[in-house]
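A.B. asks: here is a sequence together with a model predicted from it:
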Amino acid sequence: MREIANSTWNIWSKAGFEVSMNDIYESLEEPPLEKFGDIALPTFRFSKKFKVNYKELISKTLRELDLRRLRVISRVNVIGGYINFFINEECAAKELFQTISNIGYDYGLKTAEKPLRIVVEHTSANPVHPLHIGHGRNAILGDVLSRILTKRGHRVIRRFYINDMGRQVAILAYGCLTLGSVQPTGKPDHFYGIIYSATNAVMEIDRLKKELEEARKKGDYIEVEKVNSELLDWLNVLAELKSKNNKLVMTLIGRLKGKDHEKEIQNIMRTYEKRLDENIVKTVRRICADVIEGFRETLGKMGVEFDFWDWESDLVWEGIVDEVLAKAKKSPYFTIYKGASALDFSALQKISEVREKLKLPKSFEIPPLILRRSDGTTLYTTRDIAYSIVKFKKADKVINVIMSEQKLAQAQLRLALLALGYRREAYNLIHYSYEIVNLPGVKMSGRKGRFVDLDSLIEEAISRAYFEVSKRNPNMAEEWKERIARIVGLGAVRYALVSVSASKPLTFIWDNVLNFEKNSGPYIQYTYARAINILKNYGKKVNFDLETLDYNVLRKPIIRRLLILLIKFPNTFTKAADELKPECLVEYAGKLADTFNSFYTAEPVVKEE
RNA sequence: GGGCCCGUAGCUUAGCCUGGAUAGAGCGCCAGCCUCCGGAGCUGGAGGUCCCGGGUUCAAAUCCCGGCGGGCCCGCCA
């Protein structure tokens, strides 16, 4: 493909048309029908650019091409404004085999010209309850991106941000401290998840009861109705939690009675941030560490690992957040907003270059960002500014895999970095935004403890896979069935979570996810197994001797199709890596599997040698 | 009130950034294929107002404007 773009570029530049070789290269596309050609070059764009008629441009190009007699092109086919190239099979095969015999499994994994240091921060769930399917999508996207970028030659660092200074952790800690010394039973994230949700529920119930009373006094019966139904919902939540661990929840309800929850929570937050009481600090840390251990187990099952687990609290205690605040005070954008330290973006965001480079919404007034509460404690975004700076210390680019809900917050973060003079950071911070995962028939709420957690999701995937495997292989040894079910089940989930473009909501339907036919993880794995078995049955090392190859077989349509598809892999990979589109690879894998299976049926490889 | 994302076959979706050739797949449906390396397969068929209405253009699923439907965001929450 490079050669096609290159020679076209040669011809055009010689003719005096100003164009870059990359421009041509990137215009190359897939013809809609196989019979049109292998690679198409649309000429409309260029004819417009060069101000010549496209027919003229084409005939001129063809004449020159003819003179050069490129060996990579066997035939050229013009339809409309398209120049369709047929690739010379022999030439393609030679190159393919040569590359594969040289670099083997790294075929197509083209290394970037300028390797970068890239941080991928992903998952980063609050350590207050088990991971759910949404975190699953986050984790798989982050993990797959990291793997692709690593193969592209970048130095990737995978980081998990432990958000231990937020209100949610304080609520969990409040519950735990109220219970006194608790020893977690079972998986820690599940155990603490119950305490968190129950504490939350009790607080909500108490708050709603007060609201209800006030509404009654006022005689606002619409409000009474509204609050009442909300109250009922939370009472149900509590009942659901009791069914999970009755003793624990009942004890918690008893001990929380009559307390001023808000005051306690605020006290915990302040104590923790300012390190006023080492006991509380230790307790909060231990709880979070326990929950994180649960996360690590779940993620490990999914094949997801991290290089660093960064504690939000460390940023504060090590004084990095203070440095940010000091810097902010000196910033020309510093202001006092509603009596608190803040950054005022009104001037900065008007600059159109800034809006464009930071990818801010077209016309949205981003309000001032408050950096510090009146009680002196910091806010999430302030700490996130500090974290971003830390991440950039050893990185050229930072990719945050964060759900789309946080788009505005992420835009605000970039703006804040710029306001503080962190220009490089602001411009190289990428919010890799993704949409929610829908499970038909399930309404999820993290706070209410209503979600399908990843552990049970994985279990279900494996047991569904087991069912399918034993149905198809009734005589297989039990141990093998289980091993295969694990691999297939997990592969199916990973595949499902990465196969839909991140910007679209993903609908998770078991029948599709664990469909063993086409367009699924299991199908790709099955095809791979068949391919590997050919090699196994062949039993010898594959001979890549280019001299003894019979190039006539390449004219067979199915073999030719497979060959052409294979030589396009490097481009697909490069696109997936550079445009951060892992789903491109999924699509390619599916197409390759389809083509391979057709080939497999049509051509008995081992027999033919 | 303002902003962002999504809307493509009954279902799940690719293509949209960078306009161009008969809108690609898979499931499901219909009709075929087991002397053969793993049938979790293969071959073929039916199935589309690309949410609607304008505009730009020689050309719009794609770009612009206005609607509709679904989701989300605008805190001294995270």
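C.D. replies: Nice, I can see it. Numbers count the residues shown, from 1 in each chain, chains lettered A, B, ... in the order given.
A.B. asks: only C-alpha atoms from now on, for both contacts and neighbour counts.
C.D. replies: Fine.
A.B. asks: and the pLDDT for the residue of the stretch 151-300 of chain A found nearest RNA strand B?
C.D. replies: The minimum distance from the stretch 151-300 of chain A to RNA strand B, using Cα to the nearest atom of the strand, falls at A:Gly166 (3.4 Å). pLDDT for A:Gly166: 93.
A.B. asks: hmm, it is touching A:Thr378, no?
C.D. replies: No: taking contacts as Cα atoms under 8 Å, A:Gly166 lies outside contact range of A:Thr378: 9.9 Å.
A.B. asks: between these two, tell me which one has more neighbours.
C.D. replies: Set A:Gly166 next to A:Thr378 and count neighbours by other Cα atoms under 10 Å: A:Thr378 wins out with 21 against 17.
A.B. asks: can you give me the strands in chain A?
C.D. replies: A:39-42, A:73-79, A:82-87, A:117-121, A:155-162, A:308-311, A:334-337, A:340-343, A:369-370, A:397-403, A:429-434, A:437-438, A:506-507 (DSSP state E).
A.B. asks: export those strands to JSON lines and tack on distance to A:Ile24?
C.D. replies: Shown next, in JSON lines, are the strands of chain A (distance: least, Cα to Cα, whole Å):
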{"stretch": "strand A:39-42", "distance to A:Ile24": "8"}
{"stretch": "strand A:73-79", "distance to A:Ile24": "17"}
{"stretch": "strand A:82-87", "distance to A:Ile24": "12"}
{"stretch": "strand A:117-121", "distance to A:Ile24": "29"}
{"stretch": "strand A:155-162", "distance to A:Ile24": "29"}
{"stretch": "strand A:308-311", "distance to A:Ile24": "41"}
{"stretch": "strand A:334-337", "distance to A:Ile24": "47"}
{"stretch": "strand A:340-343", "distance to A:Ile24": "45"}
{"stretch": "strand A:369-370", "distance to A:Ile24": "45"}
{"stretch": "strand A:397-403", "distance to A:Ile24": "27"}
{"stretch": "strand A:429-434", "distance to A:Ile24": "27"}
{"stretch": "strand A:437-438", "distance to A:Ile24": "38"}
{"stretch": "strand A:506-507", "distance to A:Ile24": "35"}
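A.B. asks: let's have these in TSV, adding distance to RNA strand B, mean pLDDT and mean neighbour count.
C.D. replies: Formatted as TSV, the strands of chain A follow (distance: least, Cα to the nearest atom of the strand, whole Å; pLDDT from 0 to 100; neighbours: other Cα atoms under 10 Å):
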stretch	distance to RNA strand B	mean pLDDT	mean neighbour count
strand A:39-42	5	92	22
strand A:73-79	5	90	16
strand A:82-87	5	92	21
strand A:117-121	15	98	24
strand A:155-162	9	98	20
strand A:308-311	11	98	15
strand A:334-337	7	92	17
strand A:340-343	5	92	21
strand A:369-370	6	94	22
strand A:397-403	8	97	22
strand A:429-434	8	96	21
strand A:437-438	8	94	18
strand A:506-507	4	94	18
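A.B. asks: figure out which of those strands is closest to A:Ala529.
C.D. replies: strand A:506-507 (28.2 Å; Cα to Cα).
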